[in-house]
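Asker: Would you be able to build a 3D model of this:
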Amino acid sequence: MVKGEQIQKSVELFWNKFLAETGRNETSKYIDVFHFELTEKLANELLQLVLVGQKKATASSLFAYQIEGARVPEVGDLSIVTDWEGNPKCVIETTAVTIIPYKEITYDICKREGEDDTLESWQRGHERFYKSEGKSLGYEFTEDMPVVFEDFEVVYQII
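Answerer: Numbering: from 1, shown residues only. Below you'll find the model as predicted:
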């Protein structure tokens, strides 16, 4: 079996276990399967913050959704978060979505991501991420760039 096929099979088994153990309707669907960040180290570190309840939000470029033809998350969406290798670790449910210009994000907003102690630290990390992602996807980071700020809660995880 090819690694991609193994990951997909693992995701489906994880999802079916989630449905069975939580009593959700078997027709429930997940919207996305993803890991955070663009490097293994950061992806796995952010996953750990989610699993311990420190990270309760994420911020994405609206341009990335548009370029990739993906729909913006909506309240009630379920997604599977994986580690860097693609192993499913938890299910999150979107609880709020706000689209806001990058320059209008305050510390009260960004601290929900659970990653930084200051607004400046959050800005440095996210600007670096958006510039790197923009280079690969074909958009340019600006202070006016719309950010999709998604709050979520973990509704299931492997312990």
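Asker: contacts and neighbour counts: CA atoms only from here.
Answerer: Noted.
Asker: which residues are contacting the host helix or strand of residue 130?
Answerer: Using DSSP states H and E, residue 130 sits in helix 119-137. For helix 119-137, contacts defined as C-alpha atoms under 8 Å, 6 or more residues apart in numbering pick out 37-38, 61, 64, 67, 106-107, 110-111, 115-116, 140-141.
Asker: in its sheet, what does the longest strand that the chain contains sit against?
Answerer: Using DSSP state E, we find that the single longest strand of the chain is strand 88-101. If you go by DSSP bridges, strand 88-101 pairs up with strand 78-82 (antiparallel), strand 146-157 (antiparallel).
Asker: Let me have those in TSV, extended by mean pLDDT, distance to residue 24 and mean neighbour count.
Answerer: Listed next are these as TSV, based on pLDDT from 0 to 100; distance: least, C-alpha to C-alpha, whole Å; neighbours: other C-alpha atoms under 10 Å:
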stretch	mean pLDDT	distance to residue 24	mean neighbour count
strand 78-82	97	12	22
strand 146-157	98	11	20
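Asker: Turn the ones you listed into a markdown table, columns for distance to residue 96.
Answerer: As requested, these are exported to a markdown table (distance: least, C-alpha to C-alpha, whole Å):
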| stretch | distance to residue 96 |
| --- | --- |
| strand 78-82 | 12 |
| strand 146-157 | 5 |
